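**Q** Following is a predicted model, sequence given first.
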Amino acid sequence: MTTFQFLMGLITYRTWRYVINATAWTVIYMVPIIPGLITKEFFDSLTGDASLQMGTWGIIALLLAAALARVVLIIVGFITDVNFRFRMGMMLRRNMLKHVLKQPGARAIPCSPGEAISYFRDDVEQSEEAASWSVDVFGMTCFALVSSYILIGIDAQMTLLVFVPLVLVVAVAQLATSRLQKYRAASREATSRVTGAISEMFGNVQAIQIAGAEERVIERFRKFNDTRRQTMLKDKLMGEVLDSIFTNSVNLGIGLILLLAGQKLRGGSFTVGDFSLFVYYLTFVTSIITNVGKFITYFKQMGVALDRLKGLLQGAPAGVLILKEGLRLRKGSAVKENAAAAAGAVATGPSDAEPLRSLEVEGLTYRFPETGRGIEDIRLKLDGGSFTVVTGAIGSGKTTLIRTLLGLLPKDEGTIVWNGKTVVDPGTFFTPANSAYSAQIPRMYSDTLRNNILLGQQERGDDLQQAIHTAVMEYDLDHLQNGLETMIGPRGVKLSGGQMQRTAAARMLVRDAQLYVFDDVSSALDVETEQKLWERLFQSRGDATCLVVSHRRAALTHADHIIVMKDGRIEAEGTAEELLRISATFQELWSGDERTADAALPEGAALQPET
Ligand SMILES: Nc1ncnc2c1ncn2[C@@H]1O[C@H](COP(=O)(O)OP(=O)(O)OP(=O)(O)O)[C@@H](O)[C@H]1O
């Protein structure tokens with residue numbers, strides 16, 4: 001998609017709003033034609049050259065009326081502009097967000113959240129700016145056409161001098177294009193790095209403190225800021241240089257007009273009124289020239305913004321950005337949408353989920369583009385109601401296997417078959433009521449513990465209490481000041497690693513699902529708590545199928561089937577007894593866990609809330 005197609009895509013999102021906006025601003029730009037003619041009449045009346053006799057008060061009244069009309073029109077223009085800009089920006093942001101949310105969860109954005117914020121804020125604003133200025137260019141062109149027609153009628157030679165700078169400006173702006181784009185791209189990139197670094201720093205305060213890395217982190221941040229300062233300076237300087245070229249080329253035009261007008265006035269072919277009209281229109285032509293230059297600059301910068309936004313799409317067609325769907329800004333449409341969503345929820349609700357009889361995976365492969373590592377040719381089968389553990393050394397591919405199976409990473413190859421039917425889109429299929437998942441690193445929101453567990457789900461009967469009990473959270477609740485109503489997350493009480501994992505387990509268990517997937521939920525739990533968790537899970541959800549990543553004996557001894565991963569492939573599989581005989585990797589993991597269990601902390605040591 002070219003920058004022009006992108007611009008047209010934005011403009012035609014709400015064509016009639018654009019037309020209203022363009023009409024309003026065209027009238028605003030055209031209004032000064034009238035006071036110019038009135039002023040000409042006034043001066044000509046002083047020298048007796050006037051064709052209309054209005055008198056001083058008549059002229060004042062006309063000038064006031066024209067000024068008042070312009071004020072009113074400008075207010076209208078601002079309203080139409082804000083409305084148009086808002087919708088355009090919202091459409092872009094909505095389409096970007098929709099695309100991001102459709103991506104496999106683990107690769108939703110190709111950058112840090114801070115950088116993504118810069119795409120959503122700065123690049124969208126830049127695109128809005130160019131589209132909004134296109135309205136002004138249209139209005140200004142109309143003014144230029146009408147005023148030049150009037151001026152040519154008076155003096156063609158002088159008119160040429162007024163408009164020559166316009167040609168100059170366009171030529172200079174075109175010549176400066178590639179450099180301007182280069183500087184803009186560099187300054188945007190540097191800004192993204194800075195916002196990305198801020199989000200990383202705030203997200204990793206504890207890790208930075210523990211490593212005593214404050215100074216090094218700040219030094220790195222300072223370097224990013226220095227680069228940003230330099231690139232921004234170049235970008236701004238280039239903008240200012242162009243601006244001054246535009247303004248000064250106009251001044252040159254004014255000088256020439258003054259010289260010529262002097263001669264012509266003396267010769268009698270030019271009236272004082274004509275002179276006043278030229279000078280009056282010139283002030284507007286000046287702003288037109290500057291603004292046309294600005295628009296060309298914004299258009300070029302829009303090209304840079306478009307390239308960056310394409311990057312966020314990760315290879316999807318750029319047309320995604322300008323998909324024309326409704327914004328649903330009115331209350332009525334939101335209500336309708338909620339009703340539709342509620343209807344959808346019934347169709348996929350727990351009662352409709354088909355009980356899991358078998359889940360088969362064949363040739364599942366995913367390689368991270370950055371490292372080429374991942375999982376290769378995974379084949380596995382889960383029977384309904386079974387407890388399967390995936391184990392293996394660090395980096396052997398356990399998490400990648402789970403994420404690829406659940407559609408959080410886009411599989412390169414392989415098939416997933418649920419009860420004999422191929423799963424076409426794992427990302428949407430592996431959600432409640434088919435499956436629920438607890439990630440290796442759980443994320444908490446700044447909200448109450450209750451809302452963090454429910455995550456929008458309606459509380460039904462004693463579901464919540466049951467999930468809390470199964471996740472072995474009762475001790476935590478007793479020790480949190482406001483129990484379930486305690487504010488947690490970044491802006492509340494900080495939970496320990498074990499508390500977060502139990503909260504994530506409760507979040508998963510409060511949902512009815514056929515398949516429960518635990519990714520290393522036990523890594524921050526002591527042995528006794530983990531033992532309780534599995535026992536309670538079997539009591540409360542005995543018929544559920546579980547797929548668990550763990551290297552702990554507490555999980556391994558409960559397993560019907562164990563899969564041992566090594567270098568992204570399945571190295572061995574079987575029961576714990578069988579694997580202890582045949583797999584050296586498994587023997588190592590088994591004895592490694594014995595040492596960990598011996599050194600484990602007593603129950604409750606990790607349960608105190610960190611504040
Ligand atoms: N985001 C990523 N980008 C590139 N490579 C990755 C990424 N995540 C993991 N890898 C690589 O893929 C391989 C498998 O990683 P994975 O996280 O699945 O291992 P794991 O067995 O779950 O490890 P752990 O026990 O530490 O959680 C490793 O070599 C790892 O370096």
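**A** Yep, it's here. Numbers count the residues shown, from 1 in each chain.
**Q** Which pLDDT value belongs to the one residue in the stretch 201-350 of the chain that gets nearest to the ligand?
**A** The nearest approach of the stretch 201-350 of the chain to the ligand comes at Gln314, 13.9 Å away (CB to the nearest ligand atom). For glycine as for every other residue, the C-beta is placed from the backbone atoms N, C-alpha and C. Reading off the confidence values, Gln314 has pLDDT 81.
**Q** Go through the helix or strand harbouring Ser178 and flag the buried ones.
**A** According to DSSP states H and E, Ser178 maps onto helix 177-203. Under the neighbour-count criterion of 16 or more other CB atoms under 10 Å, helix 177-203 has 180-181, 183-197, 200-201 buried.
**Q** can you give me the strands for this structure?
**A** 358-367, 374-383, 387-392, 413-418, 421-422, 435-438, 447-448, 487-488, 515-519, 545-549, 561-566, 569-574 (DSSP state E).
**Q** Packing partners of the fourth one?
**A** Right, strand 413-418. Secondary-structure packing of strand 413-418 (3 or more CB pairs under 8 Å, 6 or more residues apart in numbering; DSSP states H and E): strand 358-367, strand 374-383.
**Q** and if we set it to 6 Å?
**A** Packing contacts for strand 413-418, counted by 3 or more CB pairs under 6 Å, 6 or more residues apart in numbering; DSSP states H and E, involve strand 358-367.
**Q** Please could you give me each C-alpha atom of the strand it packs on, formatted as PDB?
**A** C-alpha atoms of strand 358-367 as PDB (Å, rounded to 0.1, in the frame of the first residue of the first chain):
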ATOM      1  CA  SER A 358      -9.000 -37.900  23.000                       C
ATOM      2  CA  LEU A 359      -6.600 -35.300  21.900                       C
ATOM      3  CA  GLU A 360      -4.000 -36.200  19.300                       C
ATOM      4  CA  VAL A 361      -1.100 -34.200  18.100                       C
ATOM      5  CA  GLU A 362       0.900 -35.200  15.000                       C
ATOM      6  CA  GLY A 363       4.200 -33.600  13.700                       C
ATOM      7  CA  LEU A 364       3.700 -30.400  15.700                       C
ATOM      8  CA  THR A 365       6.600 -28.100  14.900                       C
ATOM      9  CA  TYR A 366       7.400 -24.500  15.800                       C
ATOM     10  CA  ARG A 367      10.800 -22.700  15.500                       C
END
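**Q** relative orientation of it and strand 387-392 in degrees?
**A** Computed by axes from the mean of the first three to the mean of the last three CA atoms, to 10 degrees, the angle separating strand 358-367 from strand 387-392 equals 20 degrees.
**Q** wait, what's in contact with the residue of the stretch 201-350 of the chain closest to the ligand?
**A** Pro110 (CB atoms under 6 Å, 6 or more residues apart in numbering).
**Q** and if we set it to 8 Å?
**A** Gln314 makes contacts with Gln103, Arg107, Pro110, as judged by CB atoms under 8 Å, 6 or more residues apart in numbering.
**Q** now stretch 462-470: mean pLDDT?
**A** Stretch 462-470 comes out at a mean pLDDT of 88.
**Q** whoops, I mixed them up, stretch 46-63
**A** So the average pLDDT for stretch 46-63 ends up being 72.
**Q** quick revisit: minimum distance to Leu37: which of the strands of the chain has it?
**A** Smallest distance to Leu37 across these (CB to CB): 64.5 Å, for strand 447-448.
**Q** can you list contacts of the closest one?
**A** Contacts for strand 447-448 (CB under 8 Å, 6+ apart): Asn482, Leu484, Glu485, Thr486, Met487, Ile488, Gly489, Gly492.
**Q** Can you say which of the residues you listed are buried?
**A** Leu484, Thr486, Met487, Ile488, Gly489, Gly492.
**Q** Pull the most distant pair out of the residues you listed.
**A** Leu484 and Gly489 (14.0 Å).
**Q** tally of neighbours for the residue in the stretch 51-200 of the chain that the ligand sits nearest to?
**A** Nearest to the ligand, among the residues of the stretch 51-200 of the chain, is Ala106, at 7.3 Å (CB to the nearest ligand atom). Neighbour count for Ala106, taken as other CB atoms under 10 Å: 17.
**Q** Just to check, it is in contact with Arg403?
**A** Yes. The criterion here is CB atoms under 8 Å, and Ala106 meets it with Arg403 at 5.2 Å.
**Q** Mutual contacts of the two, please.
**A** Leu409.
**Q** Show residues contacting stretch 19-28.
**A** Residues contacting stretch 19-28 (CB under 8 Å, 6+ apart): 70, 73-74, 76-77, 80-81, 83-84, 135-136, 138-139, 142.
**Q** how about the residues you listed, which pair is most distant?
**A** Spatially, the most separated pair among the contacts of stretch 19-28 is Asn83 and Cys142, at 21.6 Å (CB to CB).
**Q** Compare the two and say which one has the larger neighbour count.
**A** Applying other CB under 10 Å to Asn83 and Cys142 shows that Cys142 carries more neighbours, namely 17 against 14.
**Q** quick one, what contacts that one?
**A** Counting by CB under 8 Å, 6+ apart, Cys142 has contacts Thr26, Tyr29, Met30.
**Q** Export these to JSON lines and append columns for neighbour count, pLDDT and distance to Ala504.
**A** Converted to JSON lines, the contacts of Cys142 look like this (neighbours: other CB atoms under 10 Å; pLDDT from 0 to 100; distance: CB to CB, whole Å):
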{"residue": "Thr26", "neighbour count": "19", "pLDDT": "91", "distance to Ala504": "58"}
{"residue": "Tyr29", "neighbour count": "27", "pLDDT": "88", "distance to Ala504": "59"}
{"residue": "Met30", "neighbour count": "18", "pLDDT": "87", "distance to Ala504": "63"}
